[in-house]
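Novice: okay, here's the prediction I keep looking at, along with the sequence it came from:
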Amino acid sequence: NAGVMQNPRHLVRRRGQEARLRCSPMKGHSHVYWYRQLPEEGLKFMVYLQKENIIDESGMPKERFSAEFPKEGPSILRIQQVVRGDSAAYFCASSPKQETQYFGPGTRLLVL
Amino acid sequence: AQSVSQHNHHVILSEAASLELGCNYSYGGTVNLFWYVQYPGQHLQLLLKYFSGDPLVKGIKGFEAEFIKSKFSFNLRKPSVQWSDTAEYFCAVNACSTGTASKLTFGTGTRLQVTL
């Protein structure tokens, strides 16, 4: 049973470009979470999705950030017009209902 | 709102020393509690978790944690650390709720360095 998969593992963007991060949950998991880890800090919750629905986006910046989890395919975290402050590690986690969250390897975004 | 405090930011121990990492949380309701470990360059892995029942939980690699409800604490322990335990350790909580899982709130992490 493959774990949570994220790609790309590393992403370099110039200011103003778009970043698109993908997360494939573990088989049988219908809940997906995105977290951001800034240097020297713990993980901060961004958004929680189930298939085709955003359940909790209380941690998402109001502008430039969006997330989706379509019926088919991976969950996507999209950052438009990236700025240097967006440089961070973005982790995706998945869980079956009411169970432990399992994390992917993360995408390390560097904005030049 | 939930919050998690990890008071030890950086701990240095010699091999075979005993370990205790503190974790306190703030939340008005019932919580689930977790410890995750992040080895250098790797993703978070679950060490152990507490949902209910026996407040002393055992996890992988010889780690254990004790939930003390009156102190809002969930400290991580290991009797004898190994060099391979060098990593960053995160305490996390989420609110128990009926029907759906909920977001994790993490502490800022404790960086453990084990020397030979």
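Specialist: Ah, there it is.
Novice: quick one: contacts for the residue nearest to residue B:115 when sequence neighbours are not counted?
Specialist: The shortest distance from residue B:115 to any non-neighbouring residue, by CB to CB, 6 or more residues apart in numbering or on different chains, is to residue B:14 (5.4 Å). C-beta: built from backbone N, CA, C; applies to glycine. Going by CB atoms under 8 Å, 6 or more residues apart in numbering or on different chains, residue B:14 touches B:114-116.
Novice: whichever of those end up buried, select them in ChimeraX.
Specialist: To isolate the buried members of the contacts of residue B:14 in ChimeraX, using 16 or more other CB atoms under 10 Å in any protein chain shown:
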select /B:114
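Novice: get me the contact residues on chain A for chain B.
Specialist: A:31, A:33, A:35, A:41-45, A:48, A:55-56, A:58-59, A:91, A:93, A:95, A:97-106 (CB under 8 Å from any CB of the partner chain).
Novice: pLDDT value on the residue positioned nearest the centre of chain A, please?
Specialist: Per CA atoms, centre = their mean, the C-alpha nearest to the average position across chain A is that of residue A:34, at 3.9 Å. Residue A:34 is assigned 97 on the pLDDT scale.
Novice: is it true that it touches residue A:46?
Specialist: Yes - counting by CB atoms under 8 Å, residue A:46 is a contact partner of residue A:34 at 4.4 Å.
Novice: shared neighbours, these two?
Specialist: A:67, A:77.
Novice: so what's the residue nearest the centre of chain B closest to, chain neighbours aside?
Specialist: For chain B, residue B:35 is the residue whose C-alpha lies nearest the centre (CA atoms, centre = their mean; 3.1 Å). Once flanking residues are discounted, residue B:35 sits nearest to residue B:47: 4.3 Å by CB to CB, 6+ apart.
Novice: adjacent strands (with direction) for the helix or strand where that neighbour lies?
Specialist: Using DSSP states H and E, residue B:47 sits in strand B:44-50. According to DSSP bridges, strand B:44-50 forms sheet pairs with strand B:31-38 (antiparallel).
Novice: sorry, back to before: pipe the contacts of residue B:14 into JSON lines and attach pLDDT and secondary structure per row.
Specialist: Output for the contacts of residue B:14, formatted as JSON lines (pLDDT from 0 to 100; DSSP: H, G, I helix; E, B strand; the rest coil):
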{"residue": "B:114", "pLDDT": "97", "secondary structure": "strand"}
{"residue": "B:115", "pLDDT": "95", "secondary structure": "strand"}
{"residue": "B:116", "pLDDT": "90", "secondary structure": "coil"}
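Novice: I'd like the contacts of residue B:14 as a markdown table, with distance to residue A:22 appended.
Specialist: Listed next are the contacts of residue B:14 as a markdown table, based on distance: CB to CB, whole Å:
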| residue | distance to residue A:22 |
| --- | --- |
| B:114 | 35 |
| B:115 | 39 |
| B:116 | 40 |
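Novice: so which residues of chain B form strands?
Specialist: B:3-5, B:10-14, B:19-21, B:24-26, B:31-38, B:44-50, B:56-58, B:64-68, B:73-78, B:87-95, B:105-106, B:110-115 (DSSP state E).
Novice: quick one: these as a markdown table, columns for distance to residue A:85 too.
Specialist: Below are these laid out as a markdown table (distance: least, CB to CB, whole Å):
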| stretch | distance to residue A:85 |
| --- | --- |
| strand B:3-5 | 23 |
| strand B:10-14 | 25 |
| strand B:19-21 | 30 |
| strand B:24-26 | 28 |
| strand B:31-38 | 22 |
| strand B:44-50 | 23 |
| strand B:56-58 | 38 |
| strand B:64-68 | 34 |
| strand B:73-78 | 32 |
| strand B:87-95 | 22 |
| strand B:105-106 | 20 |
| strand B:110-115 | 23 |
